[in-house]
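Chemist: Predicted model and sequence below, questions to follow.
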Amino acid sequence: MKKLLTNLVLLNAFFLHNALTSQELNDAFLNSLPKSIQEDFLNTPDEDLSKNFNERPETRIRKVESGIENIKDQIKSLESQISRDESIDEITIFGSNFFDSYQTSFAPVNQQNFSSDYVIDVGDVLSVQTFGAVRVNKKIPVSRDGTINIPNIGIVSVAGLPYADAIKTIQAFVSQKFIGLEVFTNLDSARDMSVLLIGNADKPGIYTLPGGSNILSLLHAAGGINESGSYRSITHKRNNRIIQEIDLYDVLINGNLLFKSPLRSGDSVIINPSRKIVSISGGINTPAIYELKDNENLKDLVNLAQGFSISATDTIFVYDSKGNFRRISPEEVDTQEVNHGDSVKIPLFSPITKKTLIVTIDGAVNKPGKYSFIEGTTLHQIIAEAGGYTDDAYPYGAALYREKVAQIQQEAFDKTYSSLITFLASSGSTNTFSASTSSNLPLILSELKTTEFLGRVSAEFSERKVEKEPSLDTVLSDGDKIFIPLFTSDVYVTGDVQNPGGRRYSSGLTVSDYLEQSGGLGSFADADRIIIVKPNGDAEVAKKSLFLSYSDSNIYPGSTIYIPRKIGKLDGIEYTATLAPIVSSLALSLASLNSIN
């Protein structure tokens, strides 16, 4: 903020009293500015510049291109909003997105912990290790005849046995051959297996999968189930016989991954067509399009959708495929039948609740944090709720920040900034100085462009004063932020002085005394416009007596004394009467509303 005030005052130096003759804004100046500042110049309204500013053709082209880009951005924004609005009420087939997010590597390659019901077959590799009279440590594949040959021990048949039974068989065989010989067997790697997938798969065909793969791995490899396929009737066949019927809802809803029979090479899987499709939406926890079995009713549908949501009403509408509907109550759900193509809709209850108001208090209070409050709560009520001030608090330097005030400050600043840009764009030059060619101007404009406002509100933080006069207390608004600083015994002197910095506060010292402690005024100091910013954010121009002293100004601990440069001496140019009052007023406003810390 100190830098900003300095730049605000320096900016006055770039405007001359005779600077209103026409001058073309040169490209070198534009290119020296940051992109955001260039756009401010290029977007200056034509009606404000027509009298004093002649645009070059290339400058006009750049303005048109900038305008086109802005329109493109607006079109993209509208397109995204339309796309988002169209998809708000869309519901999909339950489970249709499961295989989109299923693991990309569905093959359990080299898993060490195969399930006990995995069936050993030709192509599997077993790791056999013995301890005792005969030492074996070898990976042995299952041969075409379904056996493994353990060196120095013998041949044992394992094909067709579940994994757990194969381990027991090997242990029993070794024990018969050598008493006391210990053997440890693991399935080192599984064989590949070919499975036929037909019916309503997205991509039916013959798939080669690693041993141990389940039905989910197969469906993922095939891209999932198509829109006509059933998630609840998947037939698993082996040797032309049905060995199990799979209901994927048991996996998708209940999380049961243990299938009755794992896949084996040569198996066939048929995805049957869906039969009874019903949608449910609104006040339900998982709205979607569900598939029901022949014996399932509305109660089963609600259970599949994880029950009614907390915001569901007591009324349920069931629409048939022709648009006819019937209204039922929650008590009738158990006995209500639904048909293929029905749509169930539960209206949502939207309670009218009061908005929770939040205020943040930080700094030297006993319980800093965020507090909720009702309308009409005051500043000192929240301070009391936060446990009051700590012993080292400095209420006179406390601050209350409000978003609405920050917005107003920003809008006022934007108007002033716009007037400066317009003046620069339309101003001319003299033989001795040109505002548009100054090397300092881009830096100052950039500083102004990035100015942020906190929205400080004038408030009384003295508990004693508020007790005597309750009307001095400030009513809080939602989002207010309160900061209570610690007491400081320093006075800050900054600006055009010989030795700026903090000075020890003493009740008997005046502005002149603090200036003397700082080495006196600088060569270009403006002694007539010394600004005093008090700890509470108020600002005033120090009053100078006939003897060049400032004894009438009150200085408090935590105050800031700011000494600007005298405009008339900077760079040997004259003060511009046209914009000087605007910039000076802006500088004082910033000091008053935001303070200098």
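Modeler: All right, it came through fine. Residues are numbered from 1 along each chain as shown.

Chemist: Per-residue pLDDT of residue 282, please?
Modeler: Looking at residue 282, its pLDDT is 91.

Chemist: State the number of residues packed around it.
Modeler: 18 (other Cβ atoms under 10 Å). Every residue, glycine included, has its C-beta placed from N, CA and C.

Chemist: now residue 543
Modeler: Residue 543: 13 surrounding residues under other Cβ under 10 Å.

Chemist: okay, and for the stretch 401-550 of the chain, where does confidence drop off?
Modeler: For the stretch 401-550 of the chain, the stretches flagged by pLDDT under 70 are 423-448, 545-550.

Chemist: Could you report the separation of residue 310 from residue 344?
Modeler: Per Cβ to Cβ, to the nearest Å, residue 310 is found 18 Å from residue 344.

Chemist: Comparing these two, which shows the higher neighbour count?
Modeler: Applying other Cβ under 10 Å to residue 310 and residue 344 shows that residue 344 carries more neighbours, namely 25 against 9.

Chemist: Tell me which helix or strand comes right after the helix or strand that contains the more buried one.
Modeler: Assessed by DSSP states H and E, residue 344 sits inside strand 343-346. Going down the chain from strand 343-346, the next helix or strand is strand 357-363, by DSSP H and E.

Chemist: Which strands border that following strand, and is each parallel or antiparallel?
Modeler: Strand 357-363 has the following sheet partners, assigned by DSSP bridges: strand 369-373 (antiparallel), strand 481-484 (parallel).

Chemist: Tell me which of those strands is the most buried.
Modeler: strand 481-484 (a mean of 20; mean count of other Cβ atoms under 10 Å).

Chemist: Touching the helix or strand just after it from outside, list them.
Modeler: Downstream of strand 481-484, the next assigned helix or strand under DSSP H and E is strand 490-495. Strand 490-495 is touched from outside by 2, 5-6, 500-505, 509, 514-515, 517-518, 522, 525, 555, 557-565, 596, with contacts defined as Cβ atoms under 8 Å, 6 or more residues apart in numbering.

Chemist: Next step: the residues you listed restricted to strands.
Modeler: 501-504, 560-563 (DSSP state E).

Chemist: got the strands paired with strand 357-363 as CSV, with distance to residue 258 columns?
Modeler: CSV is the format used below for those (distance: least, Cβ to Cβ, whole Å):
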stretch, distance to residue 258
strand 369-373, 48
strand 481-484, 56
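
Chemist: Let me know the helix or strand that residue 300 is in.
Modeler: helix 298-304.

Chemist: so how far is that helix off the chain centroid?
Modeler: The chain centroid and the centroid of helix 298-304 are separated by 36 Å under Cα atoms, centre = their mean, to the nearest Å.

Chemist: Make CSV out of the ones in strands among the contacts of strand 490-495 and add distance to residue 137 and neighbour count.
Modeler: CSV is the format used below for the ones in strands among the contacts of strand 490-495 (distance: Cβ to Cβ, whole Å; neighbours: other Cβ atoms under 10 Å):
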residue, distance to residue 137, neighbour count
501, 79, 11
502, 78, 14
503, 84, 21
504, 83, 11
560, 82, 25
561, 86, 25
562, 84, 26
563, 88, 24
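
Chemist: Over to residue 149. Which of the three states is it?
Modeler: strand (DSSP: H, G, I helix; E, B strand; the rest coil).

Chemist: Disregarding flanking residues, what is the spatial nearest neighbour of it?
Modeler: residue 155 (5.0 Å; Cβ to Cβ, 6 or more residues apart in numbering).

Chemist: And the average pLDDT for the host helix or strand of that neighbour is what?
Modeler: Assigned by DSSP H and E, residue 155 belongs to strand 154-157. Averaged across strand 154-157, pLDDT comes to 92.

Chemist: Please name every helix or strand in contact with the helix or strand immediately after that strand in the chain.
Modeler: Once the chain leaves strand 154-157, the next helix or strand it forms, by DSSP H and E, is helix 163-177. Applying 3 or more Cβ pairs under 8 Å, 6 or more residues apart in numbering; DSSP states H and E, we find helix 163-177 packed against strand 125-131, strand 147-150, strand 154-157, strand 182-189.

Chemist: Can I get the ones you listed in CSV including distance to residue 535 and mean neighbour count?
Modeler: Listed next are those as CSV, based on distance: least, Cβ to Cβ, whole Å; neighbours: other Cβ atoms under 10 Å:
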stretch, distance to residue 535, mean neighbour count
strand 125-131, 79, 17
strand 147-150, 88, 18
strand 154-157, 91, 15
strand 182-189, 76, 17
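
Chemist: Export those as CSV, with columns for distance to residue 495.
Modeler: Formatted as CSV, the helices and strands packed on helix 163-177 follow (distance: least, Cβ to Cβ, whole Å):
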stretch, distance to residue 495
strand 125-131, 82
strand 147-150, 91
strand 154-157, 96
strand 182-189, 79
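
Chemist: Show me where the stretch 251-400 of the chain has its strands.
Modeler: 268-273, 276-282, 288-292, 316-319, 325-328, 343-346, 357-363, 369-373, 399-401 (DSSP state E, counting those that start in this stretch).

Chemist: quick one: strands adjacent to the last one?
Modeler: Next to strand 399-401 in the sheet, as set by DSSP bridges, lie strand 456-457 (antiparallel), strand 481-484 (antiparallel).

Chemist: and what of the second one?
Modeler: Strand 276-282 has the following strand partners under DSSP bridges: strand 288-292 (antiparallel), strand 343-346 (parallel).

Chemist: Please state the offset of the shortest one from the chain centre?
Modeler: Put plainly, it is strand 343-346. The answer for strand 343-346 is 34 Å, by Cα atoms, centre = their mean.
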